[in-house]
Each structure stands twice: as structure tokens, then as C-alpha cells.
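no sequence for this one, just the structure:
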């Protein structure tokens, strides 16, 4: 049986709970992600994609339900335990790169390792190695504002991968990149996935979603549809994604 | 518009308070200064009024009394302080101003909106400043047993300079606001700090860099040679010194800190984070730090002249007030940058830095920045005093006064900065 790395059970999120302006962003969402999977999450604006990713990445706490990562119930952890859990088990990649603009690329990438109290020589070795793999070895002493968008996103990926996390969570990682850099980034994600990294990625771009192995659609806070790539080639998978997205939109228009 | 301006001030009381405090100190200093200068000058010709020839002005400045020499210097320093105070005041309003711009506010409307806020703060700060300046004059009269009367000419000068400052501040407010708002709308970031690589297409060899660094160190030490042997004039000496110091900070200190962080500071996350922030603080605050050092050394050189008792008091009061104003300038400069650091703390949280660590970082950063600032200040002032006290041109009591006024306002401002940092930046990021 495939090992489950992420599991959510009846996850519900209500913003402004117990007020007159309570909004339910997620309704009893149940998802399982197997080790080595590349899961995509799609949906229109305001559908609850980002809320979902915040719940599964320990960034936010659900109103109800449970989240397990690597078999651990993350909701039962204290704030400090969550901090440790993040740098040991999770890697994050965001649309805005979320790098420290005050620190060099080397320092940004090294941060999860310093939190894990790795030896400085080991840190130097691993940062240099991952930077070489990602083609940013010559940028290690620069600060992020001195780098291009694509270079910054590579640095963010290097930081996400440096502690060899069980799960990489990416929220619209191509949102700030041009088409060439987006294509390169997705090829990099595919390669990471082939090497065994489990990825959960939120996107609104059908082409970007066609790089995933499974895709879930969220609509109004509920899981609306799920498709698996299986044996489909990328073009057929892309066509299927477009079809489902279009059907979803048509329903909204006719409704 | 008036109600909105009041509301805007109420929403950022710390900014308003510090802005008003700068006005208050500037007013008190200028009021006391102009009256004392009028008394000091007595019947001597007023170089800025009577002479239209640059050569005459320089000649009279060279031979003139302390009041003449410092007039331009003090007014320029007050204006510079207001530039940084404005930057701090308006930076936090960038979002609000950006939204107003997006909604179609005209430049005149924006200027009027900011002018109301400035006027409200000035209405509170200027009368208090005049009262305090008058109090200072009374105290000086008792201390020196010399009459320092309220002089019509001094009032005229004071009003003229204050009017210029009001216009200057308003113009700055508008231009900063407009720029900040526009940068915000364009999604601007910290590009201002980006070091341009070979801006003229010239590549320097390692040897050339090495030689330039040596020249930089020598230039940075040049002002101290002035104190040891005399020379071309303290202001010119400080210009050379600041150019050298800039080279030393940018090409020696900061790269060394980066190298050290990479080699050995990765043992502790706090050290990596502290060093990165410290590097940024050093580079971002260098201009006010250079001005601070220039003020201290120029006024210290003035203290060593053969001044009359009243002139000596005038120089000392100016020294004390300028030290306070320049410490505030450094505070404003750093606070302006720190106010944008909420994002950095959120990222630390995402990566897994716990709350205790995030609480410790501001303390570590400000303490280490304070140590850097004190080290550089004490190095310059200490060496200068060593020479001038050693050759008998400055009494030991004045040296103690000089050190105290150079250090105490800085420490107080760093303490205030730490409180601001923890409350406004760290507090918002949690």
C-alpha cells in the first residue's frame, strides 16, 4: 500500500466565526496525498484554494477537522513544535518568493539548516550543492533585490529543498514569472517529483496544472472534481483540465 | 479634509510625536542660537547681510567669530534633520497616499492634506520650542552673568529661518509622499540598496580594489590628522573622511560581515539573522552617521578656538543640541527602514523560527548596531580629544561634556528605536 504523507479529515474553516460576518471558506474537505505524488489544486478566485493550502501547511488552524502530515496530527502541536515541524518536514514556495531581502541568497537558503543546527561546514556544502543544481551558485553572495524573478524563485526552491522535506507546498509559484521562467520552473518541479519529492501546488493556470500527476478542483470551499493524469500524455491531460475548468465556468454562467 | 488629516495623525501617534519633537528641538535651538549669536556678534559686520561677494564671505568666515561660522552650519543641519524626520513621517503614510493617488487626488489636494498635518504639529511644537529656547537663554544669562537680551534682529532672523523650514518641510512632505505613493503603487521594494555593478563598465582588478581600500582607510583617518597637526579645515577634512569611511563600510566591513556569516555564524540562526539585518542597518544609516560624525568633529574643532566665554557657551549649546538632533536623525532613518521589516518576520515564522527567537532578534540587532555606532563614534571623538586635550587646546571638562553628549542621546535614541521595533514591527508580524 502507498504511504500517505498528508491526510485531512473533515477540515472546515470559518473566518470571523461567532460574528455576524462569519464566512465558511472550506466545508469538510477530505484529501489524501501519497508519498511521491505531485498534487495540483485548482479553482476560481475565492474558491478556498489558499485557505486549503494554509490549513495543510500549518500556516493556519482549521475551525474543525484534523490534518496529519507524516502521520502526525499537526493540530495537537504547540506553537514551538510547529516551528520545528515546519523546518524538518515542510518546504514552502510562494508566488512572492518570500525571501529575506536583507539577507544574501546563501543566508536565505541556509536558514532551515541553521534552525536544524547543522554543522556550518555541512551547511556550506549542501547550500553550494543545491545552488549548483539550480544554476544559482554565482548568486550566493547577492541579496534578492539584485536578482531576477526567475533567480529569486530558484533561490526559494533551493531553500524549500535544502532540508530534504517530506512535503513541498507551493502557492501559485509561477504567478510572478514570465512564460519562459514558468516553463523552466515546472520542468524543475517535475524533476524534483521524479526524484521522490511530494509536491502540493496551488495554481489557476491550466498549463502549469498539466505538469501534476493528480488534480483536485475546489469550488466554493468544497472539493468539486478530481482528475488523475494516469497514462495520459501532457497534451491530453492539459485538454482534460481545460475541459473540466470550462465546464465549471459554464455551470456558473448558466446558474 | 481637516477631519481626515486629524484622523491620520491619530492613527500614527508615534510618528506624529517624533515629527513634532524634531520641530520642537529645532525651534528651541534656533531661537536660543539666534539670540546668543546676536549678542556674540555685537557690532561686528553681519557677513550674510552686508557682503555680496563670495570671496569676502569666505574671508570673513575665516576671520569671523563663532556665531558667523556656525550660522550656515546649524541651519543646514536642522534642515537635514528635517529631511529624515519627513521621510519617517511620510513613509508610513505611503499606502494611504497611494490609495489617494489611485482615487485621483491631485498634487495640490495631496499637498494641502499634508500641509494641514504639518501645521497641526507645528502649532503644538513651535510655541513650546520658543518657550524652551527662552528658558535656555535665561539659564545662560545666570550661568554666564552676561545679558542676552531679546533682540529684534534675532527675532527677524529666527522667523525668516523658521518660515523657510515650514515651506521646506511642506515641499519635502509632498515630494516624499508623491514618490513613496508612486513607488508603492509600482510594487517597489528595497532596490535603493542595490549595489550597481561596474556602473561605467570599468572592471577593477583585485590589486586595484586592494589599493582603493587602503586609500579608503587613509581617507577615513584623515580628519584625525587635522586634530593632530591642523590643516585644510575641518569641514573639508570631514568630506574626505566620509568618502573614505563610505569605502571602508561598503567594501571592507560589510563584505567581511557577509564572509564571517557564511563561514562561522551559521552555527546559530540568530547570528545569521542578526548579521543580515545589521549589514542592512549599517548601509542604510550611513548618511546620517556621516553627518553625525561631521557635526561632532567640526563643533569639537570650534571648541578649540580662542572663543570668548559667550562664544564658548554658544558652541557648546550648539554641540549638545546638534548631537540630540543628529541622534534623532539616525533614529528616524533606521525607523523608516525597520517599519518595512514586518514581512521579514512573517517569513521567519513560515520557515520555522519560533516566537522566542523572533523576540530576541530585534534586541540582538539593535544592541550590535549600537555597539557599531558607539565604536565608530568613540574612535573618532576619542582620538580627536586625545590630541586636543593633550596639546592643551581643550580643557578636560569640555572633553567629558563632548563624550557625554555624543553618547547619551545616541543610547536613548537606540532604546526608543528598540521599543518602536518590538511594538510596531514585531507586534504587527505576529
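Received, thanks. Note that the structure is a prediction, hence the values are computed from the model and not measured.

Work out for me the element residue B:10 sits within.
Applying DSSP states H and E as the criterion places residue B:10 in helix B:2-11.

Show me which residues of that helix are buried.
Residues of helix B:2-11 classed as buried: B:5, B:8-9 (neighbour count, 16 or more other Cβ atoms under 10 Å in any protein chain shown). Where C-beta positions appear, they are placed from N, C-alpha and C, glycine not excepted.

which among the residues you listed gets closest to chain A?
residue B:8 (26.2 Å; Cβ to the nearest Cβ).

can you pull the contacts of the closest one?
B:93, B:96, B:117 (Cβ atoms under 8 Å, 6 or more residues apart in numbering or on different chains).

Quick check: next helix or strand after the helix holding residue B:10?
With DSSP H and E, the next secondary element past helix B:2-11 is helix B:13-41.

Output the contacting helices and strands for that next one.
When contacts are defined as 3 or more Cβ pairs under 8 Å, 6 or more residues apart in numbering or on different chains; DSSP states H and E, helix B:13-41 packs onto helix B:66-91, helix B:107-144, helix B:152-185, helix B:309-338.

any chance of those in JSON lines, with mean pLDDT and distance to chain A too?
Converted to JSON lines, these look like this (pLDDT from 0 to 100; distance: least, Cβ to the nearest Cβ, whole Å):
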{"stretch": "helix B:66-91", "mean pLDDT": "71", "distance to chain A": "16"}
{"stretch": "helix B:107-144", "mean pLDDT": "83", "distance to chain A": "28"}
{"stretch": "helix B:152-185", "mean pLDDT": "72", "distance to chain A": "13"}
{"stretch": "helix B:309-338", "mean pLDDT": "84", "distance to chain A": "9"}
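
Would you mind putting these into CSV with mean neighbour count alongside?
Putting the helices and strands packed on helix B:13-41 into CSV (neighbours: other Cβ atoms under 10 Å in any protein chain shown) gives the following:
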stretch, mean neighbour count
helix B:66-91, 22
helix B:107-144, 17
helix B:152-185, 17
helix B:309-338, 23
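
Residue A:210: which of those is closest?
Residue A:210 lies closest to helix B:152-185 among those, at 34.4 Å (Cβ to Cβ).

downstream neighbour of that closest one in the secondary structure list?
Note on helix B:152-185: by DSSP H and E, the next helix or strand toward the C-terminus is helix B:206-229.

Tell me the helix or strand right after that following helix.
That would be, after helix B:206-229 and using DSSP H and E, helix B:234-248.

What are the buried residues along that following helix?
B:234, B:237-248.

what do you get for stretch A:117-127?
Buried-residue list, stretch A:117-127, by 16+ other Cβ under 10 Å: A:118, A:120, A:123-124, A:126-127.

quick one on the thing from earlier: save the buried residues of helix B:234-248 as JSON lines, and put in distance to chain A and pLDDT too.
Formatted as JSON lines, these follow (distance: Cβ to the nearest Cβ, whole Å; pLDDT from 0 to 100):
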{"residue": "B:234", "distance to chain A": "35", "pLDDT": "70"}
{"residue": "B:237", "distance to chain A": "33", "pLDDT": "81"}
{"residue": "B:238", "distance to chain A": "29", "pLDDT": "83"}
{"residue": "B:239", "distance to chain A": "29", "pLDDT": "84"}
{"residue": "B:240", "distance to chain A": "29", "pLDDT": "89"}
{"residue": "B:241", "distance to chain A": "28", "pLDDT": "89"}
{"residue": "B:242", "distance to chain A": "24", "pLDDT": "90"}
{"residue": "B:243", "distance to chain A": "24", "pLDDT": "91"}
{"residue": "B:244", "distance to chain A": "24", "pLDDT": "93"}
{"residue": "B:245", "distance to chain A": "22", "pLDDT": "93"}
{"residue": "B:246", "distance to chain A": "19", "pLDDT": "93"}
{"residue": "B:247", "distance to chain A": "19", "pLDDT": "93"}
{"residue": "B:248", "distance to chain A": "19", "pLDDT": "94"}
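
list the contacts for the closest residue to residue B:284 other than its chain neighbours?
Spatially, and ignoring its direct neighbours in sequence, residue B:284 is nearest to residue B:337 (4.9 Å; Cβ to Cβ, 6 or more residues apart in numbering or on different chains). For residue B:337, the contacting residues are B:280-281, B:284-285, by Cβ under 8 Å, 6+ apart.

In the stretch 151-300 of chain B, which residue sits closest to chain A?
With Cβ to the nearest Cβ as the measure, residue B:276 is the residue of the stretch 151-300 of chain B nearest to chain A, at 3.6 Å.

rewinding a little: angle of the helix holding residue B:10 against helix B:13-41?
90 degrees (axes from the mean of the first three to the mean of the last three Cα atoms, to 10 degrees).

Can you show me the strands along the stretch 101-250 of chain A?
Assigned by DSSP state E, counting those that start in this stretch, the stretch 101-250 of chain A shows strands spanning A:167-171, A:198-202, A:214-219, A:222-228.

Please identify the buried residues of stretch B:343-355?
B:343-345, B:347-354.

let me redo that: stretch A:132-150
Neighbour-count burial for stretch A:132-150 [16+ other Cβ under 10 Å]: A:133-134, A:136, A:139-140, A:142-144, A:146-147, A:150.

near chain B, anything from that stretch?
Yes - using Cβ under 8 Å from any Cβ of the partner chain, we find that stretch A:132-150 touches chain B at A:141, A:143, A:145-146.

Show me which pair in the residues you listed is furthest apart.
A:141 and A:145 (13.7 Å).

If I look at residue 192, what pLDDT would I see?
Assuming you mean chain A. Residue A:192 is assigned a predicted lDDT (pLDDT) of 86.

that answer is for a different chain, and I need it for chain B
pLDDT for residue B:192: 45.
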